[in-house]
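Student: Could you look at this predicted model? Sequence included:
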Amino acid sequence: MNIESMVVPMAENGRFDALMGDLHYLGPAKPIRDFLRQAMVCDGKGVAIFAWNHRYPRKLNK
């Protein structure tokens, strides 16, 4: 079994966004700021997709 992680090419962003909207339990969401789209592939077949966003800095009021 060969499992690998790959960054989704920009040409595939539309397909990625459609899959995320169709399959995520919260439904489609509009991306906020920049984020990384990744896919997990097992033996040439897509098995998972991930979207990672950078942490938005917050001020802590103490």
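Tutor: Alright, I've got the coordinates. Numbering: from 1, shown residues only.
Student: Can you tell me, leaving aside adjacent residues, what's nearest to Arg33?
Tutor: Asn53 (6.7 Å; Cβ to Cβ, 6 or more residues apart in numbering). Heads up, the C-betas are built off the backbone N, CA and C, glycines and all.
Student: repeat for Gly21
Tutor: Leaving aside its sequence neighbours, Gly21 sits nearest to Pro28 (Cβ to Cβ, 6+ apart; 3.1 Å).
Student: residues in contact with that neighbour?
Tutor: Counting by Cβ atoms under 8 Å, 6 or more residues apart in numbering, Pro28 makes contact with Asp17, Met20, Gly21, Asp22.
Student: got it, and Gly46?
Tutor: Gly46 makes contact with Ala39, Met40, according to Cβ under 8 Å, 6+ apart.
Student: Show me what counts as buried in stretch 3-16.
Tutor: Across stretch 3-16, burial judged by 16 or more other Cβ atoms under 10 Å covers Val8, Phe16.
Student: Just the residues contacting that stretch, thanks.
Tutor: Contacts to stretch 3-16, defined as Cβ under 8 Å, 6+ apart, come from residues Leu36, Arg37, Gln38, Ala39, Met40, Val41, Cys42, Val47, Ile49.
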